[in-house]
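Asker: Sharing a sequence plus its predicted fold:
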Amino acid sequence: MKISEACINQAFLYDIVHTQLPCEADGIGSHCLSMAWQPAEMSKNADSLDIFISQGAKESVVAALHGLEDTVDIEEFSTCLFRCSVSIQRQRFRYTSPALSVNSAPSNLYDDLDTDFAIDRNFKPVTQLKLYDQGRVMFGCSMGSLMVWMTKTMKHCQSLLLIDDVNGVYDVGKNYVVAGSERGDVGVWKAGSKSHIWRYNDARRFENSRKTGYMAPEVSALRIAHGDDCAYVGDSLGSLSLCDFREPRVKMVSPIDRGKINSIDIVDNRQILVGTEKGIIATLDSRMMGGSYGTKVLNVYTPEIANPVRSIQVNPHNSSVIACSSNEDIRIYKADANGEILPVFTHSLHQSEIADYSWHPNREYKYTIGSLDTGEGFDTGEIQIWQPAIAKDW
């Protein structure tokens, strides 16, 4: 499989563009599910960037994306976690030759480390990888539970469970972990006295759940606040709610009414971003959440073509730069001095739906993104590492 013609034609738009097939391992498919950058200071080699990748068979991708786990043979769910290293010594990811084949790329561009590093022994897809404690601990969601690994040894050290299955939506803060349940509750765990051990705190129900006949909405997005005292909750009805860890119930604070909220991220101490199923990106004032005045919408970006925003991520080094995934594309936006959100770049080199993506955590690569596509409809997924040339103006 060669680098796509689109990649060749658009190479001049990038300072960095590197594309690679996933690792191969016996009995494990090469369809991508999730990724997480390991901070550079935790890398084994100073001349490489390390990525944790969850991948599996096509059935794992279908089950994870479409909730079809009950229709597929459990033996086809096998998933593997890899820690992979991309060398930056030779060409710093720069795309140099239109004839470069992914399969014949120099071996030091992508060195597979420990191909049997960790296998999900439950034979379930592992999605939504998140790192904690500067990369020492990794979380992942595995169909109904949260799993915790120590990244140095990839030892599975804990599973976080709810009475009802975790629905695949969760977030990790400094001292808390939150996850949505299948029945619409928000499960909360708090860090215990021992290092990297979390104890179950409680499941918070929506405050209207006391009403007869009330059907709780699906928890579709979660984000723990910077202060680590509450979590913002998006739901399938398009409402934004607040889960105050000191309170027993989840309180709705703002009916966004612009479609199901798929993702939430934090801009700063006074603003949060939400991305919706209708493709809308909204900036909200978070300072009075939980009060009697609701939440003020500061800015709204409505695209000409309403592709759903699957995930939204604020750049950790420049909060005015935002990345959003939508189907096969990742779009970059920048907020101007007035807070207005403007599109500045579209990355459209992936062959199938985006499985996951992430800004690099280190300042040296502050506008570098790693992204995966599922490979659904193809023989394999694909890993891409890229940085727009326009980023130098940000």
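Answerer: Structure's in. What do you need? Numbering: from 1, shown residues only.

Asker: Mind listing what's buried along the lengthiest strand in the chain?
Answerer: Secondary structure of the chain per DSSP state E: the longest strand is strand 155-172. Of the residues in strand 155-172, those buried by neighbour count under the rule 16 or more other C-beta atoms under 10 Å are 158, 160, 162, 166-172. (C-beta placed from N, C-alpha, C; glycine too.)

Asker: how about the helix or strand following that strand: buried residues?
Answerer: Scanning the chain past strand 155-172 towards its C-terminal end, the next helix or strand to appear is strand 176-181 (assignment: DSSP states H and E). Buried residues in strand 176-181, counting neighbours by 16+ other C-beta under 10 Å, are found at 176-181.

Asker: so strand 176-181 versus strand 155-172, what angle?
Answerer: Angular relation of strand 176-181 and strand 155-172 on a 0 to 180 degree scale: 80 degrees, by axes from the mean of the first three to the mean of the last three C-alpha atoms, to 10 degrees.

Asker: hmm, who's touching the next helix or strand after strand 176-181?
Answerer: Tracing the chain C-terminally past strand 176-181 and defining elements by DSSP H and E, one meets strand 186-191 next. With contact meaning C-beta atoms under 8 Å, 6 or more residues apart in numbering, strand 186-191 is reached by 160, 162, 166, 174-181, 197-204, 219, 222, 231, 233, 243, 245, 250.

Asker: Just the CA coordinates for strand 186-191, please, in CSV.
Answerer: Presented in CSV, the C-alpha positions along strand 186-191 are these (Å, rounded to 0.1, in the frame of the first residue of the first chain):
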residue,chain,number,x,y,z
VAL,A,186,-22.4,9.3,36.0
GLY,A,187,-20.1,7.0,37.9
VAL,A,188,-17.4,8.7,40.0
TRP,A,189,-14.2,7.2,41.4
LYS,A,190,-11.8,9.0,43.7
ALA,A,191,-8.0,8.4,44.0
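
Asker: residues near the closest residue in space to Val233 that isn't next to it in sequence, how many?
Answerer: Ranked by C-beta to C-beta, 6 or more residues apart in numbering and with sequence neighbours excluded, the top spatial neighbour of Val233 is Ser241, at 4.2 Å. For Ser241, the tally of surrounding residues (other C-beta atoms under 10 Å) stands at 25.

Asker: can you pull the contacts of Ser241?
Answerer: Contacts were defined as C-beta under 8 Å, 6+ apart; by that measure Ser241 touches 206, 232-235, 250-253.

Asker: Among those, which are located in strands?
Answerer: Using DSSP E, the members of these that fall within strands are 206, 232-235, 250-253.

Asker: Switch these over to CSV, and while doing so, append neighbour count to every line.
Answerer: Formatted as CSV, the ones in strands among the contacts of Ser241 follow (neighbours: other C-beta atoms under 10 Å):
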residue, neighbour count
Phe206, 24
Tyr232, 27
Val233, 28
Gly234, 27
Asp235, 22
Val250, 26
Lys251, 17
Met252, 17
Val253, 20
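
Asker: Which one of those is nearest to Asn315?
Answerer: In terms of C-beta to C-beta, no member of the ones in strands among the contacts of Ser241 lies closer to Asn315 than Tyr232, at 19.0 Å.

Asker: partners of that closest one in the sheet?
Answerer: For Tyr232, the residues forming beta bridges with it (DSSP bridges) are Arg223, Leu242.

Asker: Next one: the closest residue to Asp202 other than its chain neighbours, what pLDDT does it get?
Answerer: Once its chain neighbours are removed from consideration, Asp202 has its nearest residue in Val188; the separation is 5.7 Å (C-beta to C-beta, 6+ apart). Val188 is assigned 96 on the pLDDT scale.

Asker: was I right about Glu182 contacting Asn167?
Answerer: Yes - counting by C-beta atoms under 8 Å, a contact exists between Glu182 and Asn167, whose distance comes to 5.2 Å.

Asker: lowest-pLDDT helix or strand in the protein?
Answerer: strand 111-119 (a mean of 39; mean pLDDT, DSSP states H and E).

Asker: mind listing what the helix or strand following that one pairs with, with the direction of each?
Answerer: Using DSSP H and E, the next helix or strand after strand 111-119 towards the C-terminus is strand 127-132. Within its sheet, and counting by DSSP bridges, strand 127-132 is paired with strand 137-141 (antiparallel).

Asker: In contact with Pro22, which residues?
Answerer: The contact partners of Pro22, by C-beta under 8 Å, 6+ apart, come to 30-32, 53, 55, 82, 380-383.

Asker: These in strands, which ones?
Answerer: Those of these mapping onto strands are 31-32, 53, 55, 82, 382-383, per DSSP E.

Asker: hmm, back to that, output the contacts of Ser241 in TSV; the columns should cover pLDDT and distance to Tyr357.
Answerer: Output for those, formatted as TSV (pLDDT from 0 to 100; distance: C-beta to C-beta, whole Å):
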residue	pLDDT	distance to Tyr357
Phe206	88	30
Tyr232	95	21
Val233	95	23
Gly234	94	19
Asp235	92	24
Val250	92	28
Lys251	89	32
Met252	84	30
Val253	82	29
